[in-house]
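Enquirer: task: produce atomic coordinates for the following.
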Amino acid sequence: MTNRVWFLVARVLPIALFITSCASTTNPTSAPRYNVGPGSIQNSPSTEAASEDRFLGYNLILTPFDPGIPADSNRFEELGIWPELRRTEAVRFPVELQKHLVNKPTIAKARIAPNMSAVGHFYLNGEIKKSNGEDVELQITLTDISGREKLDRSYRFRVGGYDDPRNTSSNKYAPILVDIADDIDRALRRVRSRERDSLVAIEKLRFAEAFQPEYFSQFLRTVRGRTRLLGVPDENDPEFERINVIYTKDDLFLDSVQKDYDDFFADSNAPYNTWQEQAYIESKARREAAAAARAKLLGGLVVAAVGVAALGDASAYSPEAYTAAAAAVAGAAVALDSSSDFRDAKSHVDSLNEIGRSVNADLAPRVMDIEDREIELTGTAEEQYAAWREYLKQIYIVERTPNVEL
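Expert: Numbers count the residues shown, from 1 in each chain. Below you'll find the model as predicted:
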């Protein structure tokens, strides 16, 4: 290598090293960007993915269903409705549905609460439209804490028989509850991460607002039943910290309420399953008898009408006249015979009502007593929960002003 070349290398190399050094020290904390392997963009979890990992599922509140009892008590027997039986189903349906929901990955907790004042991310309402042992129809609505409706659907199911190998549950209505649970899970999966984060914040703030609206209402805006998140308190906000303590106490109370509903479900199993099995037989027999009666009546009237028409066209004392008259008489006989099927159907209705009446006596209302360490709650579940919330407010006041005695 000539002296001139060595001279150029000696002059250029330090400059190149200096430029390289400056480029590498401009941002010393940044790591190289690779396409694959450690440090690649693909291996770096996104904020949304990390958020998904932290999220453990929604809190779902179920309340006793609307039993669908008409205001006019004179229609009870006509519709085959016995109030206490329906009220029992109004508790049994959500309790059993809750058992199908607790293992869904979208749900952290699914619990029965006395009413919709309990705090949760989603609320499930139900109404019993029909339940006679063979056919059941339920109206289901799912609403989030912001007031948006996520599901509103009518479900119908007919029991296939007590020897149906596909239905191994003691409750022959179980398939309809499985379908409802699957639809709820699908509805929750469709909630986007941004909406989900908003619901999580709104849930806590709605609970806090119930205890101190003058402070926490600034973070929410509700118009026509729809709530929008305006902001969130600081994590170290002392007011919010106190609310979190109350929130945990309320959560424990709902757990204890769930046990009472579970106990009621277990206690009502034997008489309810007996009603369901017998009601299935009677309801199916009534439906088949009524269908047979209608078919006979319609067929008989058609035959009679054809006979009468033919009789009008035939000459007196002719063979055609005798045939037409015979057809008319036969059709009338079939139509009259249908009345016996209607009587059979009516007897099955009476039998079904009698079954309902006996179960109605077995499933009388029960009081669920819940004792907290500080207070004893009595009355209905709804009365207990109202008293509990009032007690929590007293605790919150004491914690805000320690000099106040409870």
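
Enquirer: strands of the chain, residue ranges please.
Expert: All strands of the chain, identified by DSSP state E, fall at 58-62, 107-112, 122-131, 135-144, 149-158, 220-223, 226-229, 370-371, 376-377.

Enquirer: in the stretch 51-200 of the chain, what spans have low per-residue confidence?
Expert: Along the stretch 51-200 of the chain, the parts satisfying pLDDT under 70 run over 51-54, 161-169.

Enquirer: mind redoing it with 80?
Expert: The stretch 51-200 of the chain contains residues with pLDDT under 80 at 51-55, 77-80, 82, 84, 161-170.

Enquirer: quick one, helices of it?
Expert: Here the stretch 51-200 of the chain has its helices, by DSSP state H, counting those that start in this stretch, at 76-79, 83-101, 174-189, 193-211.

Enquirer: can you put those in TSV and add mean neighbour count and distance to Phe122?
Expert: C-beta: built from backbone N, CA, C; applies to glycine. Shown next, in TSV, are the helices of the stretch 51-200 of the chain (neighbours: other Cβ atoms under 10 Å; distance: least, Cβ to Cβ, whole Å):
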stretch	mean neighbour count	distance to Phe122
helix 76-79	14	32
helix 83-101	21	10
helix 174-189	18	7
helix 193-211	19	8
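
Enquirer: so which of the strands of the chain is nearest Leu254?
Expert: With respect to Leu254, and counting by Cβ to Cβ, the nearest of those is strand 107-112 at 5.2 Å.

Enquirer: any idea of the angle that closest one forms with helix 174-189?
Expert: Per axes from the mean of the first three to the mean of the last three Cα atoms, to 10 degrees, the angle that strand 107-112 makes with helix 174-189 is 130 degrees.

Enquirer: what does strand 107-112 contact?
Expert: 56-64, 91, 94-95, 98, 101-102, 104, 118, 120, 185, 188, 254-255, 257-258, 261 (Cβ atoms under 8 Å, 6 or more residues apart in numbering).

Enquirer: kindly state the beta-bridge partners for the nearest residue to Glu149 once chain neighbours are set aside.
Expert: Spatial nearest neighbour of Glu149, excluding adjacent residues (Cβ to Cβ, 6 or more residues apart in numbering): Thr143 at 5.2 Å. Note on Thr143: beta-bridge partners by DSSP bridges are Tyr123, Glu149.

Enquirer: so what's Thr143 up against?
Expert: By Cβ under 8 Å, 6+ apart, the contact set of Thr143 is Phe122, Tyr123, Asn125, Glu149, Lys150.

Enquirer: among the residues you listed, which one has the most neighbours?
Expert: Counting neighbours by other Cβ atoms under 10 Å, the top entry in those is Phe122, with 25 neighbours.

Enquirer: quick one: contacts for that one?
Expert: Applying Cβ under 8 Å, 6+ apart, the residues near Phe122 are Tyr58, Asn59, Leu60, Ile61, Leu142, Thr143, Asp144, Ile145, Lys150, Leu188.

Enquirer: tell me the most buried of the strands of the chain?
Expert: Stretch with highest mean neighbour count among the strands of the chain: strand 58-62 (a mean of 23; mean count of other Cβ atoms under 10 Å).

Enquirer: who's in contact with it?
Expert: Against strand 58-62 from outside (Cβ under 8 Å, 6+ apart): 94, 97-98, 101, 106-113, 116, 118-124, 126, 184, 188, 196, 199, 203.

Enquirer: just checking: what are the partner strands of it?
Expert: Strand 58-62 pairs in its sheet with strand 107-112 (parallel), strand 122-131 (parallel), by DSSP bridges.

Enquirer: angle of that strand against helix 193-211?
Expert: Using the same axes, to 10 degrees: strand 58-62 against helix 193-211 is 60 degrees.
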